[in-house]
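what follows is a protein structure lacking sequence information:
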Ligand code: HEM
Ligand SMILES: N=C(Nc1cccc(CNC[C@@H]2CCCN2)c1)c1cccs1
């Protein structure tokens, strides 16, 4: 279970750390001597609190698929490397959600739990996000809830969890400690802020009974800093409206709402050429942004977030750093060419520290 420590990645990390933190105590050389010594004795080494916070913020800054990086320096870092017990991990996740939600004024936050060490498995959260809706497939093949969560829902039902069967049942957290079977924990309702979706002009929209949760919190990516792999480091930001309006509600393998919305709008859906899908997507996205705004919950539209990202590019150039970018993820899933991020190329070099999809072969 222990992925080992890459000493070259450690050297590269501390070179960046001392270059960007001139007031940090010690020196690159002295720190590397300490690290090499710890590696020889224990097979791993420990980051200082300051190195950990810097590493998490730079991992966000290096995330080439992320359009929201302008605020990378303001990430709230919760160092919980002393926490390994699943019950404690759960309570720290709840505190994370409450701190991050902040009554709707969302704070980008990360909580970092104990990494694996030789002879000791790290902590792992099996959910891909801390807050997700269950998916139930009926015998006729139709799905109630989120089709992307049908498999995970079946797995937690095998662990004895029972949902209410609605389209918006919140899934429990499934947490692996260093030893023993996974633990299943129901998230208390008061730790979850949700927004009912309505449309500013179409009153019938509210009758669809749509809602979405305020805080996107990724819990299935490893955080890689200086050769150390943190296997449980859940992080949240706020939503880009298109994630909910276009992808979660619009994708055919998700809530698949475009045909229903188009019919209620009275559109001609007999041919693609009327662009009925585009009109339905637009009204869905208008409804999402309107609803979050009415509920005083932080959200950004793809035009504003694109402008912020271009500001981030400018600032980083001035700081002498190149910004890694993945065009296919940075460009929003609607009105791409109407946003500035569309009309340019990006440096595709992947850097560390980084958030990486969970190591293969792990649950
Ligand atoms: C503060 C507001 C933020 C906004 C609006 C934002 C927006 C986004 C969006 C829209 C995506 C694409 C997601 C998708 O298409 O599924 C994304 C990807 C990503 N974001 Fe951000 N983000 C924010 C904050 C953060 C924070 C705080 C972190 C980590 C500390 C982060 C790390 C990432 C990573 C690693 C990806 C790529 C995920 C993958 O490869 O699957 N973002 N972001
Ligand atoms: N706004 C957010 N959205 C986001 C960020 C990273 C990853 C994801 C989930 N991406 C996976 C889905 C499913 C396949 C393609 N998109 C969402 C944030 C989540 C956590 C911090 S910001």
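Received it, and whenever you're ready, just let me know what you need. Treat the numbers as computed from the prediction; the structure is a model and nothing was measured. Ligands and ions are numbered 1, 2, ... in the order given.

ligand 2 contacts on this protein?
Within the chain, the positions near ligand 2 by C-beta under 6 Å from any ligand atom are 68, 216-218, 235-237, 239-240, 243. C-beta here means a position set from N, CA and C on the backbone, and glycine is covered the same way.

what would the residues you listed look like in a markdown table with neighbour count?
Listed next are the residues of the chain next to ligand 2 as a markdown table, based on neighbours: other C-beta atoms under 10 Å:
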| residue | neighbour count |
| --- | --- |
| 68 | 18 |
| 216 | 21 |
| 217 | 23 |
| 218 | 17 |
| 235 | 26 |
| 236 | 27 |
| 237 | 23 |
| 239 | 25 |
| 240 | 24 |
| 243 | 17 |
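
would you map the strands across the stretch 201-350 of the chain?
211-213, 217-218, 221-225, 228-230, 235-236, 239-240, 299-300 (DSSP state E, counting those that start in this stretch).

other SSEs contacting the helix ranked longest in the chain?
Ranked by residue count, the top helix of the chain under DSSP state H comes out as helix 276-294. Where contact means 3 or more C-beta pairs under 8 Å, 6 or more residues apart in numbering; DSSP states H and E, helix 276-294 is packed against strand 194-196, helix 241-242, helix 258-264, strand 299-300.

please redo it, this time with the cut-off set to 6 Å
When contacts are defined as 3 or more C-beta pairs under 6 Å, 6 or more residues apart in numbering; DSSP states H and E, helix 276-294 packs onto helix 241-242, helix 258-264.

centroid residue for this protein?
For the chain, the residue nearest the mean C-alpha position is residue 218 (3.2 Å; C-alpha atoms, centre = their mean).

which residues of the stretch 151-300 of the chain lie near ligand 1?
Counting by C-beta under 6 Å from any ligand atom, the stretch 151-300 of the chain sits next to ligand 1 at 235, 237-238, 240, 243, 300.

tell me the one of these nearest residue 276?
Distances from residue 276 to these, taken as C-beta to C-beta, are shortest for residue 243 (22.1 Å).

give me the low-pLDDT residue ranges for this structure?
By pLDDT under 70, the weakly predicted segments of the chain are 360-363.

tell me which residue of it lies closest to ligand 2.
residue 237 (2.8 Å; C-beta to the nearest ligand atom).

now do the residue lying farthest from the centre of the chain against residue 259, distance only.
The centre of the chain is farthest from one residue, residue 270, which by C-alpha atoms, centre = their mean lies 37.4 Å away. Distance of residue 270 to residue 259, computed by C-beta to C-beta, to the nearest Å: 12 Å.

now swap in residue 178 and tell me
48 Å.

so for these two, which sits in the more crowded spot?
residue 178 (17 against 14; other C-beta atoms under 10 Å).

for that one, which three-state class applies?
coil (DSSP: H, G, I helix; E, B strand; the rest coil).

please look at it and residue 121 and confirm they touch.
Yes - between residue 178 and residue 121 there is a contact under C-beta atoms under 6 Å: 4.8 Å.

measure the residue nearest to residue 144 when sequence neighbours are not counted to residue 171 for me?
Of all residues not flanking residue 144 in the chain, residue 136 sits nearest, at 4.7 Å (C-beta to C-beta, 6 or more residues apart in numbering). Going from residue 136 to residue 171 by C-beta to C-beta gives 11 Å.

give me the more crowded residue out of these two.
Ranked by neighbour count (other C-beta under 10 Å), residue 136 and residue 171 place residue 171 first, with 25 against 21.

hey, where'd the helices end up in the stretch 51-200 of the chain?
Assignment of helices within the stretch 51-200 of the chain using DSSP state H, counting those that start in this stretch yields the ranges 86-101, 150-158.

so what touches the first one?
Outside helix 86-101, the residues that touch it by C-beta atoms under 6 Å, 6 or more residues apart in numbering are 80, 83, 107, 109, 111, 113, 123, 175, 177, 183, 185, 191, 193, 215, 236.

narrow the residues you listed to just the buried residues.
80, 83, 107, 109, 111, 113, 123, 175, 177, 183, 185, 191, 193, 215, 236 (16 or more other C-beta atoms under 10 Å).

ok, of those, which one's closest to ligand 1?
Of the buried ones among the contacts of helix 86-101, the one sitting nearest to ligand 1 (C-beta to the nearest ligand atom) turns out to be residue 236, at 6.5 Å.

I'd like to know how far the closest residue to that closest one other than its chain neighbours sits from residue 75.
Of all residues not flanking residue 236 in the chain, residue 217 sits nearest, at 3.8 Å (C-beta to C-beta, 6+ apart). Distance, residue 217 to residue 75, by C-beta to C-beta: 13 Å.

enumerate every residue touching residue 211.
By C-beta under 6 Å, 6+ apart, the contact set of residue 211 is 168, 194, 196.

where does the residue in the stretch 251-363 of the chain that ligand 1 sits nearest to land in three-state SS?
When scored by C-beta to the nearest ligand atom, the stretch 251-363 of the chain has residue 355 as its residue closest to ligand 1, at 3.7 Å. Using three-state DSSP, the structure places residue 355 in strand.

not counting its neighbours along the chain, what's nearest it?
Per C-beta to C-beta, 6+ apart, closest to residue 355 is residue 221, 4.5 Å.

beta partners for the one you found?
Taking DSSP bridges as the rule, residue 221 bridges to residue 357.

quick revisit: deepest of the helices and strands packed on helix 276-294, which one?
Across the helices and strands packed on helix 276-294, the average number of neighbours (mean count of other C-beta atoms under 10 Å) peaks for helix 241-242, which reaches a mean of 24.
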